[in-house]
Structure formats: structure tokens, C-alpha cells
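Q: coords please:
(2 chains)
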Amino acid sequence: MNEHITRAQPKRLRAPALGLNHPKIPASHYTSQERFELERERIFRRAWLAIARIEEVAEPGDYILSDLPTLSAKIIVVRGDDGIVRGFHNSCLHRGLALVREPAGNTSIFRCPYHAWTYGRDGALKALPAACEFPTVELGRDGLPPVHTAVWNGFIFVNLAKQPAQTLDEFLGLVGERFAEAPFSDYPHALQFVHDLDTNWKHIANAFTEGYHLGFLHKKTLPFVFVPENPLTDYHGVEIMGIHSANTVERNPNWRPSAPVMQFVAAAAMLSGSDAPTAPSIVDHPSMNLDRIPYVMEEVINIFPNMQLQVLGNGYLWYTYWPIGPDKMRWEIRMYLAAKPTSYREEFIAEHLIVASRDVMTEDSSMSVLQHEGLSSGGLEDITLGENEYLLRHFAQSLDEWIQRE
Amino acid sequence: MNRSVLRPDVLPKGFEALEDHVADWGNLITRDDRYLMRQSLPMERLRSFYDAAIPHLESIFRHLDQHPYGQLPEQEQRLFRLALALVEVAQAVEVFEQSGVPFTAPNHRVQISPIPTPRTLTKERR
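A: Take a look at the predicted model:
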């Protein structure tokens, strides 16, 4: 140990200090169809949901087709000739056909294969055969069904409410202001992991807002996190910003890999932290690490209801949680890196990062599946959240507030 | 007829010690295939590959990176497939001390892919 290193002690934030005094959550919140439908209609159909990065639709005519399985919605996100990024339901105005089939592309028009109704890059109806047969339809005025779409720091959000109660900036509030300038666009190379899981989505969401499990579940896979002064991996720099939050996870600067493959890849591993040779990195941005602790593993940003950003030493992870039923969910993880490999050695290092990350995620996803199995047995009326699990209590409270709102 | 057609297990000179493991790993192209193979093999077999490969780790990349990235001859492609297999095997040997991730169902899979974008999908650009 380097005893001369002065370590910032965790402030030991606990739930009562935040007014989060209720440890019990009804088990039915994780198992019942009724609760799932309330979450779908009152949260997911009202909240702003991040679905893509602006780099994916960089040029006019670039489009992607984004899947929102919670809402059975497929959204076309397209950049118009005016540079504006718009979202539309993938549904022909005529008789509803899902006209875009490719996951992404560049096009000058969208043309329905059924009756050749044709839409421009701005979604407006440009042409239809025998227009005189449709006197109620007006070219230019009518078009693909629009979805409220807005961009924050390169993240494209949509809102499927007819009329959202808040703009995206209002919805994000302080979290949007704080991280508005964080340089996510420096990491354009993305890979996607998709876990389709037989569990309730909140078990996965809850796995990434407490450090309590790290020393047990991830003892072998995340050894560089643990420091003796912080045995239960309390978070630093916790900030609750309305329904959103952020916190910092420290890492152990004295940890050195002992196994040969880990040693081989350690030099460039993503998780090696903010003193990696590629610094200055995004995790050193002034918006991160409120407590200014010396050794940061990651800054975690939770954007309600289903988005988490994990900002690392040389890239970031973007988690998205999609409930599909009380007992089914899709967990999408996007890993963003600064550069692609340019040699076989680099490809090996990248492969190790991908595989090691997948295995850590798998530890968490497997726990969530077993939680669902356990709760489905029906023996528990409630689950219990500790005073150190304050972000889980905060999330549960935020969900309840949105559900109770008519 | 070249040697590799006669001997589909052959690796570049200097890496003969790994040829015992070509049957397991030498033809696996995707990460999904390698992950499933890792989960299906007993630890002794994984450890035997690991022990054979580790002494060559540095020399594998010194050899492969003599070739332009993306243009490997057949034997070198096979060697690189073994190197990528070592990533999976090292997770079992160095991290978990068992083939799969604990508490995870057998034949576990995760879909991993590039994110489809106009850049990756459109062949012809303006």
C-alpha cells in the first residue's frame, strides 16, 4: 500500500438524510401485470426516453429505426435537409403499414411498398397515386405520425405522449445542466450488447445504483474497485437531481493484475481509470466527480426512468432498460470507445474488454433472474431496501410519484 | 497442394505447442461460438489450452502484427482465432475458476453486435 496517498473517505450518505425513510417495497411491484401496465402507461408513455446518439444520423437523409419494446413502438429517427432530427412512428398514413424495414440507412424518400405513398426526409407526404381519391389528405400538411423528439448533449430523446408535460430540458433539469458539456461525442465507436431476460426490469435497474453488492457478487470480476477504507463500496459525490441522480465510484490505485492475460491487457484496458495514458478523458471532465476523489473508476449518471450512463477512463457505457412484461425485459448496453483497433494486439485487448464486461453484466443479469424466480414464489409481501440503498428507495419513490399522477 | 489443406490443424512455425487445441478453437469465427465452447469444455481442457498459450502470448502478437491489419494468411488467421479463444478461456481460468459465469444457465448467450448506422449499412455513399 502507498500509505502517503490521502484517500477521500466516503461521506457515508444514508437514506434518512435524504428523507427516504421507507425500507419496504411491495413485492407485487416486481411481479404484477397491473403494476407493469401502470409503469408502461404513466411512466414510459410520459417520460423522455433516450434512444440514439446524434452521430448515428449525422447527415441529411440518415435514418435509424429504433425499437421501444415497452411501448410496442418502432420509431424512425431521420435528419432532414434542414439539419433537424425528427422522430416518426413507422406507420404509413394510409393504412398503417410499417414501411421502413432496414435498421438504418440514408434515403431521399420513404416509400410505402403497398400503395407507393411517399414521404420526404421531413416526414411530410410528398406523393400518392390517385390523390383525388383521398380528398381529406393534403400533401405537405400530412405525413408520418410525428413523435416529440429532442436532443441533449448528442443523445436523441423521444416522448410518446400526445403532448409532453415538460420539454426535454425541463424534464432533465439539473442533470441536464450539469452534464451538458461532457464530451460524449469523443467516443464514437460503439458496440451493443442485448440481454433478453426473464425478470422485472427494476431488478436490473436496481443492480447499478448501489455499491453494496460489488464486493460480493463481483469480488473476482471487479477487483480494482475495492479499497480497505471502503469495504462496502459506498458511493462518493452523490447528487440527487429531482428524479435523476449521479454518483462517483472510486477505484483502488494500488491494484495490479497478477494473472498473465489481465496483465497483458491492463495497459490499455478501459477500466484502468482516469490515469490511463489516453488522458485527459471524459471522466476527468469538471462535471464529473463532485467530491474530487483522486482515483475514479466511474461516474454514474441515472436519467429517469430507464437510462444509466457509466463514464469510465477511456469511454462510457450506456444502459437502457425496457420492460416488456412484469417478468420480461430487454437490457441494452452500448459501449462507446474513442478508437477502433488498428492491430491484432489492439483487437485482442478490445476483445478482452468486451468479454470481461459481458461476464460482469452476466453476473448481474443472473442475479436479477434469480430475484424474479424468488419473488414469483409468492412468499414475500415486501422486499427490504437498506439505508445504504438510498438510490433504490429514491427510484422507487420517483416511480410511485409518476404512477400516482393522473 | 499447400500444407494447410493437408493439415487443417497447422499453425505458423513456432506455435506447434498450440496445435492440440486447434480442433476445439481453430474454426470458431464468432464470439458467440467461443463463449459457448468455453462453457461446454471441462476446466482441465481449458486449463491445458491456457497453460500452452500463455508462454506464447507476446510472440503471437509480434508475429501477427507483422501483417497488415485485416490481411492475415490462413495459418495466421487460425492462430488469431486461438488468441481470441484465449480471452474466453482466461475468464474461466484467471477469474472464475469454472467454465461459465456462476449462477448462470448453461449455454448462456448475449447478443453483441455493432450498432447499425447509415455508415455501417449503406454500401454506397454520396
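Q: Give me the pLDDT for B:Leu11.
A: pLDDT, B:Leu11: 96.
Q: I meant to write A:Glu406 there.
A: Taking A:Glu406 on its own, its pLDDT is 82.
Q: what's around it, how many residues?
A: Around A:Glu406 there are 3 other residues, counting by other CB atoms under 10 Å in any protein chain shown. (Each C-beta comes from the backbone N, C-alpha and C, glycine too.)
Q: Also B:Asp24?
A: Neighbours of B:Asp24 (other CB under 10 Å): 20.
Q: and the gap between it and chain A?
A: Distance, B:Asp24 to chain A, by CB to the nearest CB, to the nearest Å: 17 Å.
Q: and the helix or strand where that residue lies, how far out from the chain's middle?
A: Assigned by DSSP states H and E, B:Asp24 belongs to helix B:22-25. In terms of CA atoms, centre = their mean, to the nearest Å, the centre of helix B:22-25 is found 9 Å from the chain centre.
Q: Show me the contact partners of it.
A: B:8-11, B:34, B:37, B:41, B:45, B:49, B:78, B:81-82, B:85 (CB atoms under 8 Å, 6 or more residues apart in numbering or on different chains).
Q: can you name the two of these that are farthest apart?
A: B:Val10 and B:Leu41 (21.9 Å; CB to CB).
Q: okay but A:Ile51 is in contact with A:Ile75, surely?
A: Yes: with contact defined as CB atoms under 8 Å, A:Ile51 reaches A:Ile75; the gap is 6.6 Å.
Q: Could you give me the buried positions within the helix ranked longest in chain A?
A: Criterion DSSP state H: the longest helix present in chain A is helix A:344-376. Using 16 or more other CB atoms under 10 Å in any protein chain shown as the test for burial, helix A:344-376 gives A:344-369, A:371-372, A:375-376.
Q: How about stretch A:381-401?
A: In stretch A:381-401, counting by 16+ other CB under 10 Å, buried: A:383, A:385, A:387-399.
Q: ok, now stretch A:55-66?
A: Buried residues in stretch A:55-66 (16+ other CB under 10 Å): A:Glu55, A:Glu56, A:Val57, A:Pro60, A:Gly61, A:Asp62, A:Tyr63, A:Ile64, A:Leu65, A:Ser66.
Q: Leaving aside the residues adjacent along the chain, what's closest to the second one?
A: Nearest residue to A:Glu56 in three dimensions, chain neighbours excluded: B:Thr117, at 4.6 Å (CB to CB, 6 or more residues apart in numbering or on different chains).
Q: what's near enough to touch that neighbour?
A: Counting by CB under 8 Å, 6+ apart, B:Thr117 has contacts A:Glu55, A:Glu56, A:Asp62, A:Ile64, A:Ala104.
Q: what about the strands in chain B?
A: Here chain B has its strands, by DSSP state E, at B:111-114.
Q: so where is chain B shaky, pLDDT-wise?
A: B:1-8, B:121-126 (pLDDT under 70).
Q: same check, this time on chain A
A: A:1-10, A:267-279.
Q: Would you pull up how far stretch A:302-321 lies from the middle of the chain?
A: The answer for stretch A:302-321 is 5 Å, by CA atoms, centre = their mean.
Q: now the end-to-end length of that stretch.
A: One end of stretch A:302-321 sits 12 Å from the other (CA to CA, to the nearest Å).
Q: Just confirm yes or no for that stretch near chain B.
A: No: shown here: stretch A:302-321 not in contact with chain B (CB under 8 Å from any CB of the partner chain), separated by at least 10.4 Å.
Q: And that stretch, what's buried?
A: Neighbour-count burial for stretch A:302-321, counted by 16+ other CB under 10 Å, picks out A:302-321.
Q: still on that earlier bit, and the buried residues of stretch A:381-401, which is closest to chain B?
A: Top of the list for closeness to chain B, among the buried residues of stretch A:381-401 and by CB to the nearest CB, is A:Ile383 at 18.8 Å.
Q: pretty sure that closest one is in contact with A:Leu375, am I right?
A: Yes: with contacts counted by CB under 8 Å, A:Ile383 reaches A:Leu375, the gap being 7.4 Å.
Q: tell me, what's touching those two both at once?
A: A:Ala27, A:Tyr30.
Q: near chain B, from the buried residues of helix A:344-376?
A: A:344-345, A:347-348, A:351-352, A:354-356, A:358-359, A:361-363, A:366-367, A:369.
Q: Show the contacting residues for the residue nearest to A:Ala207 when sequence neighbours are not counted.
A: Among residues not flanking A:Ala207 along the chain, A:Asp364 sits closest, at 4.5 Å (CB to CB, 6+ apart). Residues counted as contacts of A:Asp364 (CB under 8 Å, 6+ apart) are A:Ile204, A:Ala207, A:Phe208, A:Leu217.
Q: Distance check, A:Asp364 against chain B.
A: 10 Å.
Q: what do you get for A:Asp81?
A: Applying CB to the nearest CB to A:Asp81 and chain B gives a distance of 13 Å.
Q: and that residue, how many neighbours?
A: Applying other CB under 10 Å, we find 11 residues neighbouring A:Asp81.
Q: Now that it has come up, it's in contact with A:Arg121, right?
A: Yes: the pair A:Asp81 and A:Arg121 passes the contact test of CB under 8 Å, sitting 5.8 Å apart.
Q: Need the residues touching each of the two.
A: With CB under 8 Å, 6+ apart as the test, A:Asp81 and A:Arg121 both reach A:Pro60, A:Gly61.
Q: Wait, a strand at A:Glu170?
A: No: A:Glu170 is assigned helix when assessed by DSSP: H, G, I helix; E, B strand; the rest coil, not a strand.
Q: if we can go back for a sec, now the contacts of helix B:22-25 as TSV including neighbour count and distance to chain A?
A: Below are these laid out as TSV (neighbours: other CB atoms under 10 Å in any protein chain shown; distance: CB to the nearest CB, whole Å):
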residue	neighbour count	distance to chain A
B:Pro8	12	21
B:Asp9	15	21
B:Val10	20	19
B:Leu11	22	15
B:Arg34	22	8
B:Met37	18	13
B:Leu41	19	16
B:Arg45	16	17
B:Phe49	23	12
B:Arg78	24	13
B:Arg81	19	11
B:Leu82	25	11
B:Ala85	26	10
